[in-house]
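**Q** Based on what follows, work out the 3D shape:
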Amino acid sequence: MCAVPLSLKAAILLGVPEILNEAGPDAKLTSEEISKLIVSPGGTSADAENLDRLLRVLACHNIVTETCVAACPSNPQATERRYGVTPVLKYLIASNETGMSLSPLFLLRTDSVYTSAFQYLHAPVLDRNAEPFVIANGKKIIDVLETDSRLSELFDTSMAHHTHMWVSMLLETYRGFEGLTSLVDVGGGVGANLAMILSRYPDLRGINFDLPHVVAKGIQSPRLEHVAGDFFQSVPRGDAVWMKWILHCWSDESCVKILKSVNRALPPRGKLINMDSVLPETSDSSVETQINVCADMLMMAANKGGKQRTLTQFRKLAQDAGFSSVHLVATVDTLSVLEFHKG
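**A** Down below sits the predicted model:
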């Protein structure tokens, strides 16, 4: 039911996760107490009763804790609900050390441009060429991002936060960057992803490769060079190529074109390090699979031809693009790291 994600969206917009977090790990606040800490654009007081209704939804789904206590010692029948943080909620609270959280990504995925597209998931079943996002919004997502500054800023922020959180985890477990002298980040956005990798490997030089209007906003970082271009045409040369969350946006045909460009850019025995979702060959009820199959519906709604893939499907793409082998070498939460090796 849509009430759960949209209730959580409302709580994020109201700043509830931060309010509960700042109160402390053991604090339990009433909706009245929380409402007094909500900043209203018009300067009016937030409505505690309606806030309580929102929080009950989140409590029922273990997003916040709920504790009922006596509201008045002289009347034990009168109770009040008090709310606190959970491990789930902490993912939506900006870390004091990094300032990163999943809140921007959650707000992006629950934005009306996406939720409206989900109303037409039946369309590509009836017509393979139908595009739910275009049906709902009149244009492709890339065109919306070019003209809607609000959504574009939210998109850039959500990608930056997600990248920082997942690449931080990756660098703690994956050692495949060791021994490289140059690394090309294909579709690297403003370069934040690559800058994190370079900071861990001081002998590594990096090239951030993306479209001209993207790299124009690129960050400045030691040993990082920004190069503009089209990965369907060519990719800068390097010891290895790195991609995160790129291939799932494209059709099989487009992926093969991208991978052929990458293959040409690699030296003999070079490798592509690809971080993406990998679906199991047989569906299961694990949280990781549930998240990834829902992400597959997002691709069907917003990116024509885009999809999440199984390891077998990734290996077929690699073979068609001239790679000799693909190995799943690490798992980071819901994402996997695949190495595509050039023979």
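
**Q** So what does the closest residue to residue 109 other than its chain neighbours have for phi and psi?
**A** Nearest non-adjacent residue to residue 109, counting by C-beta to C-beta, 6 or more residues apart in numbering: residue 298, 6.9 Å away. Placement of C-beta: from N, CA and C, glycine included. When read as degrees, to the nearest 10, the backbone of residue 298 gives phi -60, psi -40.

**Q** do the same with residue 187
**A** phi 70, psi 40.

**Q** Double-check it against residue 194; I have them as touching.
**A** No. If you go by C-beta atoms under 8 Å, residue 187 and residue 194 don't touch, sitting 10.9 Å apart.

**Q** between these two, which one's more packed in?
**A** Taking other C-beta atoms under 10 Å, residue 187 and residue 194 do not tie; residue 194 has more neighbours (30 against 20).

**Q** Who are the contact partners of that one?
**A** Residue 194 sits next to 183, 185, 188, 206, 208, 221, 224, 242 when contact means C-beta atoms under 8 Å, 6 or more residues apart in numbering.

**Q** and the gap between the residue positioned nearest the centre of the chain and residue 91?
**A** The structure's the chain has its C-alpha centroid closest to residue 162; by C-alpha atoms, centre = their mean the separation is 4.9 Å. Distance, residue 162 to residue 91, by C-beta to C-beta, to the nearest Å: 11 Å.

**Q** Next, show the common contact partners of the two.
**A** residue 102.

**Q** follow-up on the earlier one: can you pull the contacts of the residue nearest to the centre of the chain?
**A** By C-beta under 8 Å, 6+ apart, the neighbours of residue 162 are 102, 105.

**Q** Check residue 20 too.
**A** Residues near residue 20 by C-beta under 8 Å, 6+ apart: 27, 29, 34, 64, 83-85, 89.

**Q** how about the residues you listed in CSV, adding neighbour count?
**A** Shown next, in CSV, are those (neighbours: other C-beta atoms under 10 Å):
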residue, neighbour count
27, 15
29, 21
34, 23
64, 24
83, 28
84, 19
85, 23
89, 21
